[in-house]
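1. I'll drop the sequence and a predicted model, then ask my questions.
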Amino acid sequence: MRTRRASVVVVVVWSVAIAAVLVAATQVVTFRQAVIGRETLARVQARWAARAGVEQMVAIMEFHLQNADPDDPMAVVRDMEEHAVGEVATGSWDIRHFLDGIEWAGPLDEGAKLNINTATRVQLLNLPGMTPDVVDAIVDWRDDNDEVEGLGAERDYYSNRSLGYRPRNGSFRSIAELELVAGAWPENVRGEDWNLNSRLDPNEDDSTRSFPKDKPDGKLDAGWSSFLTARSKQSQTSSSGETKLPLKGADAESLTKRLGVSADQAQAIVTYGNQANARPEAFLSTPLSQLAAGGGAASGRTGWADGTGGGSMGGGRTGSGSSGASTGSTRGGSGGSASVAGGSGGKSSTGSGQSATSGRSSAGRAAGATGGSGVPDLTPEQVRAVVRELTVDDFTKPVPGRMNINTVPEAVLKEVLDMDPRMADAIIARRKSRPEGIASLADLASMSGMNPQVLSQVATQFDVTSSVYTVTSRGRAASTGTEVEVEAVLDKSEFPVRITTYREQ
């Protein structure tokens, strides 16, 4: 009897022990599932908080598309910076980027960089660490033929090395694609920004403790990607919010209504527009009466670093003796001394023999002045409208974007474009002095060291607005602090704003 009772006790004890183990195991599994569920929920909350930041930027861009102010091209940038940090019920977002060694709130303006599909050989060679063979290989990659340029590389080079790909023979679609080009190593393309998100991540500011190797100075050295982009795109919409008019083939009635010009002036513009090399920028350097008479734009070498034999842009490195300075940090550049006062001499090396401060352009002539053709020259305000509203771009296909004069960094102006440092400083000082930035490239006509021919050349490389922005939005869940980063490229060249690329990490 006692043995039976003992056996029952043992069975009961074992049953209780097994039950306890099962309960404990169930609790562990349930707890782990609860943790996983909590983390999953937190990631969802962080993801949608980050996406809310992207949608906030989309809403701001669309508002400014519908309420465009041509006199305040930086309004959209200011609004996006103001709303770069925000909250939703379950989390928050933070949008920022590094440019020219400075951290900025808001999206990255792709127009602040040089488009690799339009960069000249000289401009590419000015990049830090760039070599002639890589420059030629870049040109070979983007041109539409299989002829090797200098030290470059075409299809045979890649095929013989069994790389599994060949040159695109077309435009680059991303900066990451540059790493496929012969001689272009990721270390050169990405620098410290290994994930190409334009943000300084912890692993990119910790020396050699984690990949990649970096300099722990609180700044992001993004290599060539800090100077180049493949995303910028010229917009068919002007800063006034209207669709640009074609210079070639435009009708006089449309020009009269849009530009505020007389019928005679409109017809003169139509006549000039039918010429083979007509460009809106010509109105910055040549009076309408001369263009209408078939005289064409004033000639002369601007010295732009475009591989055509010129020196620095504006020929400003000849020692004009100008003085006066303006210092301070500004959007897109760290600033520096800006020579904005007039100086003695100061003739540019444009070949025109014209004083840099003569102001002799269609923008600088008195209203109502006429030339030999009898057509009244354009007033400064009319020149602003012509440059803003007319285009020769073919928008049936993507047009690589020009650089935004209001956001392009000092390093791009001076190092890559090889612009006269005094002129670069003056441009930065000018855009810093007013919240709306530079509203029209025609406004630079009065700047010291800027003559009409140089201004016309500047206008072929720059604009005052941009149409493509990269939003790197980091969402944080309010419950756990979990973070999710969303990167979206927004194209506001037309309404509604489009998200052209999207990734999460």
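-> Now that the structure is in, tell me what you want to look at.
2. quick check: phi and psi on residue 8?
-> Its backbone dihedrals place residue 8 at phi -60, psi -40, with angles given as degrees, to the nearest 10.
3. please enumerate the strands of the stretch 351-500 of the chain.
-> Listed in chain order, the strands of the stretch 351-500 of the chain (DSSP state E, counting those that start in this stretch) span 390-391, 403-404, 462-463, 468-477, 483-491, 498-504.
4. and these, which is most packed in?
-> Of all those, strand 403-404 has the most neighbours on average by mean count of other Cβ atoms under 10 Å, namely a mean of 27. Glycine gets a C-beta too; all of them are placed from N, C-alpha and C.
5. between the strands of the stretch 351-500 of the chain, which one is nearest to residue 169?
-> Proximity of the strands of the stretch 351-500 of the chain to residue 169 was assessed by Cβ to Cβ; the nearest stretch is strand 498-504, lying at 22.4 Å.
6. one step back: redo the strands of the stretch 351-500 of the chain as a markdown table? Include distance to residue 239.
-> Compiled in a markdown table, the strands of the stretch 351-500 of the chain are given as follows (distance: least, Cβ to Cβ, whole Å):
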| stretch | distance to residue 239 |
| --- | --- |
| strand 390-391 | 12 |
| strand 403-404 | 11 |
| strand 462-463 | 8 |
| strand 468-477 | 15 |
| strand 483-491 | 16 |
| strand 498-504 | 19 |
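7. could I get the ones you listed as TSV with mean pLDDT?
-> As requested, the strands of the stretch 351-500 of the chain are arranged in TSV below (pLDDT from 0 to 100):
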stretch	mean pLDDT
strand 390-391	95
strand 403-404	97
strand 462-463	96
strand 468-477	97
strand 483-491	97
strand 498-504	95
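8. so which of those strands gets nearest residue 222?
-> With Cβ to Cβ, the closest approach to residue 222 among these belongs to strand 468-477: 12.4 Å.
9. which helices and strands sit right next to the closest one?
-> Contact partners of strand 468-477 among helices and strands, from 3 or more Cβ pairs under 8 Å, 6 or more residues apart in numbering; DSSP states H and E: helix 2-66, strand 91-99, strand 108-109, strand 483-491.
10. tell me what angle it forms with helix 2-66.
-> 150 degrees (axes from the mean of the first three to the mean of the last three Cα atoms, to 10 degrees).
11. dump strand 468-477 to CSV, keeping only the CA atoms.
-> Included here for strand 468-477 are C-alpha records, laid out as CSV according to Å, rounded to 0.1, in the frame of the first residue of the first chain:
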residue,chain,number,x,y,z
VAL,A,468,14.3,66.9,-58.3
TYR,A,469,14.9,66.4,-54.6
THR,A,470,16.0,63.4,-52.6
VAL,A,471,14.2,63.0,-49.3
THR,A,472,16.0,60.8,-46.7
SER,A,473,13.4,60.6,-44.0
ARG,A,474,14.2,58.7,-40.7
GLY,A,475,11.1,57.6,-38.8
ARG,A,476,11.2,56.8,-35.1
ALA,A,477,8.5,54.8,-33.3
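12. neighbouring strands for it, and are they parallel or not?
-> Based on DSSP bridges, the pairing partners of strand 468-477 within the sheet are strand 91-99 (antiparallel), strand 108-109 (antiparallel), strand 483-491 (antiparallel).
13. could you dump these to JSON lines with distance to residue 212?
-> Output for the strands paired with strand 468-477, formatted as JSON lines (distance: least, Cβ to Cβ, whole Å):
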{"stretch": "strand 91-99", "distance to residue 212": "15"}
{"stretch": "strand 108-109", "distance to residue 212": "20"}
{"stretch": "strand 483-491", "distance to residue 212": "18"}
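14. among those strands, which comes closest to residue 40?
-> Across those, closest to residue 40 is strand 483-491 (Cβ to Cβ), at 11.5 Å.
15. only C-alpha atoms, please: export that closest one in PDB.
-> C-alpha atoms of strand 483-491 as PDB (Å, rounded to 0.1, in the frame of the first residue of the first chain):
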ATOM      1  CA  GLU A 483      14.100  53.700 -36.500                       C
ATOM      2  CA  VAL A 484      13.400  53.000 -40.200                       C
ATOM      3  CA  GLU A 485      14.900  55.100 -43.000                       C
ATOM      4  CA  VAL A 486      13.000  55.800 -46.200                       C
ATOM      5  CA  GLU A 487      14.700  57.400 -49.200                       C
ATOM      6  CA  ALA A 488      12.500  58.800 -51.900                       C
ATOM      7  CA  VAL A 489      13.400  60.800 -55.000                       C
ATOM      8  CA  LEU A 490      10.700  63.300 -55.800                       C
ATOM      9  CA  ASP A 491      10.200  64.900 -59.200                       C
END
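16. how far off centre is that strand?
-> Its chain's C-alpha centre lies 16 Å from the corresponding centre of strand 483-491 when counted by Cα atoms, centre = their mean, to the nearest Å.
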